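Novice: Output the structure for:
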Amino acid sequence: MLTKIYASAIHGVSAQTITIEVNVDTSGVGYHVVGLPDSAIKESSYRISAALKNVGYKIPGKKITINLAPADIRKEGTAYDLSIALGILVSSDYIKGENIGDYLIMGELSLDGGLMPIKGVLPIAIKAREEGFKGIILPKQNVREAAIVDQLEVYGVENIKEVIDFFNEGIPLPQTKIDTRKEFQDKINFFPFDFSEVKGQETAKRAMEVAAAGGHNIILIGPPGSGKTMLAKRVPSILPPLTLKEALETTKIHSVAGKIGAETSLMTVRPFRSPHHTISDVALVGGGSYPQPGEISLAHNGVLFLDEMPEFKRTVLEVMRQPLEDREVTISRAKFTVNYPASFMLVASMNPSPSGYFPDDPNNTSSQMEMQRYMNKLSGPLLDRIDIHIEVQKVEFEQLADKRKGETSDEIRNRVLKARETQQQRYAESEIHYNAQMGPKDIEKHCELGEDSKTLIKNAMEKLNLSARAYDRILKVARTIADLESSENLNAAHISEAIQYRSLDREFWNV
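Specialist: Here you go, the predicted structure:
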């Protein structure tokens with residue numbers, strides 16, 4: 001007897017429906033899985049056999065052929081265990097299955113018949129709704145993630161016996177429903193860190209505000225203990241809140257990577273990813289034999305923080321150059337190509353020398369040559385994509401002992417939101433959304449300079465030995481500073497402040 005059951009495969013951050021055809025033939029003995037299965041699927045017979053035996057059933061001693069269609073797409077993982085097991089039972093006439101084709105069914109079986117969580121549930125649920133399935137049956141640990149998709153019945157189960165009883169005896173399964181918009185609104189403003197906790201560092205906080213307002217990448221240069229990491233961790237609290245569309249995009253990526261917890265349904269705050277400096281280039285940008293999203297994709301719509309940036313391998317840093325420009329990663333293999341979104345704000349930090357201190361600090365033990373070698377670990381093309389370079393000074397005792405609270409993240413965020421609204425109106429008819437995305441034509445159109453401003457930037461480039469590549473960056477940042485002040489035109493004050501945010505272009509740093 002032939003039975004068809006439906007499951008799904010992940011391709012990038014999207015899903016594709018897989019038809020599992022199970023045929024049980026009395027003329028022979030054997031267990032055959034075809035349709036480009038990986039080793040985990042081929043091993044499913046052992047898990048399925050033990051699981052069925054422990055809930056009162058067994059695999060029949062007949063010829064069982066299982067086809068995963070379309071057969072030219074590679075299938076991987078253990079998420080097909082539940083579907084295959086049910087197909088065998090229905091094809092063997094052990095249970096009824098008249099309406100089994102109305103549901104998309106997935107789950108990994110443990111040997112006692114219990115169900116283990118799977119990856120990529122959100123894109124799978126979205127695809128199930130698009131394909132017109134009545135409902136989806138999943139492990140209980142994944143049910144909240146799938147339930148954010150409306151117009152789809154979502155059932156979470158703990159054991160295969162529950163699914164068997166559902167189809168065989170009509171015993172109902174518990175259905176999970178979530179008010180997605182309410183849950184999104186309830187948690188959208190929850191942040192564990194606040195800028196009011198940062199002592200001193202007013203200049204650095206101002207630079208962070210400018211970076212958030214214009215979507216600019218930023219690097220912090222300062223001695224150990226000056227608060228670089230503390231500042232970076234608070235950036236998400238001043239960025240504009242996620243829209244529902246952005247939240248779904250972000251959740252899909254984390255779902256595919258298996259980063260969604262059992263109690264989480266929808267990601268409501270912008271992600272903050274901080275990989276260790278020993279990370280490989282594949283782990284950072286994504287890829288592998290079976291491609292998975294990397295850290296820059298997990299930081300999509302959020303912040304990627306690279307602490308002690310010169311400690312990262314140069315090859316790892318260089319692979320970010322294309323994603324920083326295109327805001328997506330393309331991973332190509334012989335038979336397929338996968339695209340992962342990677343629109344993130346880069347926040348990096350570094351010490352100014354191997355010893356960790358500025359050249360004028362009495363504790364500095366690094367020679368000029370050692371400092372130059374250390375600074376040159378960051379290539380010019382990479383620094384070219386970082387708009388703001390800010391020096392973070394050591395915090396003095398008086399500032400640390402001051403009990404007064406600083407400006408809160410909410411106050412800073414309100415100014416950022418106002419500046420972003422201005423940019424949305426300005427770029428309403430273009431494909432860009434904020435100032436950091438401006439190209440040469442946009443800069444020429446929206447960053448007109450008066451004579452005073454032209455003279456100022458000309459003198460700065462000559463006296464501070466600023467490179468030509470810094471010119472566009474200065475204008476972009478100046479445009480954001482003007483937006484924060486609700487100024488339509490750029491003036492000398494805006495240009496002057498923007499020039500201060502190009503520390504690494506100065507001759508002093510030997511870059």
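Novice: so where do the helices sit in the stretch 1-150 of the chain?
Specialist: For the stretch 1-150 of the chain, applying DSSP state H, counting those that start in this stretch gives helices covering 39-42, 44-54, 81-91, 121-130, 143-146.
Novice: Quick one: distance of the last one to the chain centre.
Specialist: This points to helix 143-146. The chain centroid and the centroid of helix 143-146 are separated by 19 Å under CA atoms, centre = their mean, to the nearest Å.
Novice: again, but for the third one
Specialist: Once both centres are worked out by CA atoms, centre = their mean, helix 81-91 turns out to sit 35 Å from its chain's centre.
Novice: quick one: contacts of it?
Specialist: Contact with helix 81-91 is made by 1-7, 20-24, 33, 44, 47-48, 51-52, 57, 59-60, 64, 66, 95-97, 100, 105-109, 115, 137, 160, 163-164, 167, as judged by CB atoms under 8 Å, 6 or more residues apart in numbering. Backbone N, C-alpha and C define where each C-beta goes, glycine included.
Novice: if I look at the closest residue to Glu76 other than its chain neighbours, how far off is Gly30?
Specialist: In this structure, Glu76 finds its nearest non-sequential neighbour in Asp38, 4.2 Å apart by CB to CB, 6 or more residues apart in numbering. To Gly30, Asp38 is 20 Å away according to CB to CB, to the nearest Å.
Novice: Which of these two has more residues huddled nearby?
Specialist: The neighbour comparison of Asp38 against Gly30 (other CB atoms under 10 Å) goes to Asp38, with 14 against 10.
Novice: what's the pLDDT at the more buried one?
Specialist: pLDDT recorded at Asp38 is 92.
Novice: Might one say that it is in contact with Thr78?
Specialist: No. Counting by CB atoms under 8 Å, Asp38 sits too far from Thr78 to count as a contact (9.7 Å).
Novice: Where do the domain boundaries of the chain fall?
Specialist: 2-169, 187-399+408-509 (automatic domain parsing).
Novice: now the ones you listed in a markdown table, with distance to Lys177?
Specialist: Shown next, in a markdown table, are these (distance: least, CB to CB, whole Å):
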| stretch | distance to Lys177 |
| --- | --- |
| domain 2-169 | 6 |
| domain 187-399+408-509 | 11 |
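Novice: Could you identify which of these has the lowest mean pLDDT?
Specialist: Of all these, domain 187-399+408-509 has the smallest average pLDDT, which comes to a mean of 87.
Novice: can you give me how far that domain is from the chain middle?
Specialist: Distance, centroid of domain 187-399+408-509 to centroid of chain: 15 Å (CA atoms, centre = their mean).
Novice: And the strands in the stretch 51-200 of the chain, which stretches?
Specialist: All strands of the stretch 51-200 of the chain, identified by DSSP state E, counting those that start in this stretch, fall at 63-69, 103-105, 108-109, 115-116, 135-139, 153-157.
Novice: distance of Lys252 from Phe312?
Specialist: 27 Å.
Novice: I meant Ser332, not that one.
Specialist: To Phe312, Ser332 is 24 Å away according to CB to CB.
Novice: quick one: which of the two has more around it?
Specialist: Between Ser332 and Phe312, counted using other CB under 10 Å, the more crowded position is Phe312 (24 against 11).
Novice: Quick check: closest non-adjacent residue to that one.
Specialist: His277 (4.8 Å).
Novice: Burial check on the one you found, number of neighbours?
Specialist: Neighbours around His277, by other CB under 10 Å: 13.
Novice: Determine the longest strand present in the chain.
Specialist: Using DSSP state E to define each element, the chain has its longest strand at strand 14-25.
Novice: what residues does that one touch?
Specialist: Strand 14-25 has contacts (CB under 8 Å, 6+ apart) with 1-10, 60, 62-70, 73, 75, 80, 83-84, 87-88, 90-92, 104, 120, 123-124, 126-128, 131.
Novice: ok, the nearest residue to Ile481 once chain neighbours are set aside to Gly286 distance?
Specialist: Sequence neighbours aside, His494 is the residue nearest to Ile481 in space, at 4.6 Å (criterion: CB to CB, 6+ apart). As for His494, its distance to Gly286 is 38 Å (criterion: CB to CB).
Novice: now swap in Gln201 and tell me
Specialist: Distance from Gln201 to Gly286, by CB to CB: 34 Å.
Novice: now swap in Arg74 and tell me
Specialist: From Arg74 over to Gly286 the distance is 17 Å, taken as CB to CB.
Novice: same thing with Pro354?
Specialist: For Pro354, the distance to Gly286 - CB to CB - is 31 Å.
Novice: So between those two, which is more surrounded?
Specialist: Gly286 (26 against 15).
Novice: picking that back up, so the residue nearest to Phe312 is in contact with Leu317, correct?
Specialist: No. With contact defined as CB under 8 Å, His277 does not reach Leu317; the gap is 10.0 Å.
Novice: what is in contact with those two at once?
Specialist: Leu306.
Novice: List the residues that contact Ser274.
Specialist: By CB under 8 Å, 6+ apart, the contact list for Ser274 reads 232, 305-307.
Novice: now it: how far from Met267?
Specialist: Taken as CB to CB, the span from Ser274 to Met267 is 17 Å.
Novice: Please apply the same query to Ala468.
Specialist: 40 Å.
Novice: From Ile5, how far out is the one residue sitting closest to the centre of the chain?
Specialist: Ranked by distance to the mean C-alpha position of the chain (CA atoms, centre = their mean), the top residue is Leu298 at 2.0 Å. To Ile5, Leu298 is 32 Å away according to CB to CB.
Novice: likewise Ala283?
Specialist: On the measure of CB to CB, Ala283 and Ile5 end up 35 Å apart.
Novice: Between those two, tell me which one has more neighbours.
Specialist: Using other CB under 10 Å as the criterion, Ala283 and Ile5 rank with Ile5 on top: 27 against 16.
Novice: Verify the stated contact: that one with Asp102.
Specialist: No. Look at Ile5 against Asp102 with CB under 8 Å: they stay out of range, at 10.8 Å.
Novice: Show me which of Ala468 and Met267 is the more surrounded one.
Specialist: Taking other CB under 10 Å, Ala468 and Met267 do not tie; Met267 has more neighbours (25 against 8).
Novice: residues in contact with the more buried one?
Specialist: Counted by CB under 8 Å, 6+ apart, Met267 has contacts 242, 247, 250-251, 254, 260.
Novice: distance of it from Ile253?
Specialist: From Met267 to Ile253 the distance is 9 Å (CB to CB).
Novice: Now flag whichever of the contacts of Met267 is closest to Arg321.
Specialist: Thr250 (23.1 Å; CB to CB).
Novice: Pull the number of nearby residues for that closest one.
Specialist: 24.
Novice: Verify the contact between it and Pro236 for me.
Specialist: No. Taking contacts as CB under 8 Å, Thr250 lies outside contact range of Pro236: 11.9 Å.
Novice: between those two, what contacts are shared?
Specialist: What both Thr250 and Pro236 touch, as defined by CB under 8 Å, 6+ apart, is the set 270-271, 302.
Novice: Contacts for stretch 395-408, please.
Specialist: 194-201, 205, 225-227.
Novice: Just send those residues back as JSON lines, with neighbour count and distance to His433 too.
Specialist: Below are these laid out as JSON lines (neighbours: other CB atoms under 10 Å; distance: CB to CB, whole Å):
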{"residue": "Asp194", "neighbour count": "17", "distance to His433": "26"}
{"residue": "Phe195", "neighbour count": "25", "distance to His433": "24"}
{"residue": "Ser196", "neighbour count": "17", "distance to His433": "28"}
{"residue": "Glu197", "neighbour count": "13", "distance to His433": "30"}
{"residue": "Val198", "neighbour count": "22", "distance to His433": "28"}
{"residue": "Lys199", "neighbour count": "17", "distance to His433": "34"}
{"residue": "Gly200", "neighbour count": "19", "distance to His433": "33"}
{"residue": "Gln201", "neighbour count": "25", "distance to His433": "29"}
{"residue": "Lys205", "neighbour count": "20", "distance to His433": "24"}
{"residue": "Gly225", "neighbour count": "11", "distance to His433": "36"}
{"residue": "Ser226", "neighbour count": "23", "distance to His433": "32"}
{"residue": "Gly227", "neighbour count": "21", "distance to His433": "30"}
